[in-house]
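S.K.: Build the 3D model from these lines:
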Amino acid sequence: MKVIIIGGGWSGCAAAITARKAGAQVVLYEKTDMLIGLGNVGGIMRNNGRYTAAEELINLGAGDLINITDRNTRHRNIEFPGHGHAWLYDVNKVEPEVRKLLQNLGVELHFMNRVVDVEKDKNKIVGLYISDGNYVKGDVFIETTGSTGPMGNCLRYGNGCSMCILRCPAFGPRVSISARAGVEDLQGEREEDVYGAFSGSCKLCKESLSEELLKEIEEKGAVVLKVPPEDINIDKLKLKVCQQYALREFAENIILLDTGHIKLMTPFYPLDKLRKIKGLEYARFLDPYAGGKANSIRYLSVAPRTDDMKVKGLENLFCAGEKSGLFVGHTEAMSTGALSGHNAVRYFLGMPLLILPKVTAIGDIISYANFQMATKEGRRKRYTFAGAEYFKRMKDIGLYSTDNAEIEKRIEKLNLKDVMNQKLI
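M.R.: Reported below is the predicted structural model:
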């Protein structure tokens, strides 16, 4: 069987791995020249409830990407406002390792290939049209195109094109495959009838920091700097996509993390105000280029789905990552991607599709976020293992744990140990 994956971010890569392990021929189309998408600027893993989810993935047999970020971790068990035991991976080293892993598994990778349309037969997708004029057929399709872009969305809902890591002016706009196939997408809101949300952080050039500040960040992994009282803007917290950072501390302080570059935990920050802070007198934004004014707008394209990651209304289209819900984070993308890839093969074989039980953190967030998306209030929230409403829920219902043995026992008890590492074909 042939599984075609549209989008090579964290979720697309995770889907490719599990579908390939299950025995499918896997072809992945990525419109840019790099895999892992926002993973090239992210860098935060295992913080708060993401630790639990990472260990669940490993025990489910889908921990390959977790292993790569673990191997490339610069700092372990970092604490910063609202976050415990965070691991920071080097954003400059991970993408080549992910690419090598997929190639070694036999995944067929096509870069700078944008899928622009679909061919349907009733409620099934038959094939895809590529921007270079080619047409490709497949048996099952997985959409992981994300929810950022095209450029017009950043102009309409944000402060303009930020020329972010996704570089849609250079590589072309995101196309919603589910919408092309006739399924109406859902949109997240940040307030009443204001759609989308700003991405949550910027990247600073290391060399633009003072030697003293850079040394401190590289030693500690995280540094908190006071914002001058006249520059504190509490209202700005409403813009953030990552609600686990919508804490007062993130308005009253500049929080910097060492992820290979310097990660600035704010959607954007006026350059003249940033340079007033000691150690940042020469600060320069690396990503996005418009970091003093804007960041990319996300959550404008979510496919309605069931808890097995199948898109409603289409027989053979699955989804993952931000395309599958208002999820925030790498671990969340890997989790939904791994399940969609595994279930794509199950679907082709006529097997019952796997729905992860709600007594797992991954199963619960997939179900809970899906339920919440059906309500207007739910579409204003974001769902992440790392904080805000969902992390509180994790703790309230006893899903949060940093005990590896306990998490392993949880998966074994459900008879799901290594379920996504099994060859089905």
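S.K.: wait, residue 78 sits on residue 257?
M.R.: Yes: shown here, residue 78 and residue 257 form a contact pair, counting by CB atoms under 8 Å, at 7.3 Å. Where you see a C-beta, it was placed from the backbone N, CA and C, and this is true even at glycine.
S.K.: Give me the common contacts of those two.
M.R.: 88, 221, 222 (CB atoms under 8 Å, 6 or more residues apart in numbering).
S.K.: Give me the domain ranges for this protein.
M.R.: Domains of the chain are assigned by automatic domain parsing as 2-77+90-196+297-421, 197-287.
S.K.: any chance of those domains in a markdown table, with distance to residue 83 too?
M.R.: Listed next are these as a markdown table, based on distance: least, CB to CB, whole Å:
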| stretch | distance to residue 83 |
| --- | --- |
| domain 2-77+90-196+297-421 | 5 |
| domain 197-287 | 7 |
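S.K.: between those, which has the poorest average model confidence?
M.R.: The weakest mean pLDDT among the domains of the chain belongs to domain 197-287, with a mean of 87.
S.K.: Distance check, residue 260 against residue 15.
M.R.: Distance, residue 260 to residue 15, by CB to CB, to the nearest Å: 26 Å.
S.K.: Comparing the two, which residue is more hemmed in?
M.R.: Counted by other CB atoms under 10 Å, residue 260 and residue 15 do not tie: residue 15 has more neighbours, with 37 against 19.
S.K.: which parts of stretch 216-228 are buried?
M.R.: Of the residues in stretch 216-228, 216, 217, 220, 221, 222, 223, 227 count as buried by neighbour count, 16 or more other CB atoms under 10 Å.
S.K.: coming back round to it: neighbour-wise, which of residue 78 and residue 257 wins?
M.R.: Using other CB under 10 Å, the more surrounded residue of residue 78 and residue 257 is residue 257, with 24 against 21.
S.K.: residues in contact with the more buried one?
M.R.: 43, 44, 78, 80, 88, 217, 221, 222, 263, 265 are the contacts of residue 257 under CB under 8 Å, 6+ apart.
S.K.: Skipping its backbone neighbours, what lies nearest it in space?
M.R.: Residue nearest to residue 257 in three dimensions, not counting chain neighbours: residue 263, with 4.2 Å by CB to CB, 6 or more residues apart in numbering.
S.K.: dump the residue contacts of that neighbour.
M.R.: By CB under 8 Å, 6+ apart, residue 263 lies in contact with 41, 43, 44, 201, 202, 203, 204, 256, 257.
S.K.: Beta-bridge partners for it, please?
M.R.: Beta-bridge pairing for residue 263 (DSSP bridges): residue 203, residue 257.
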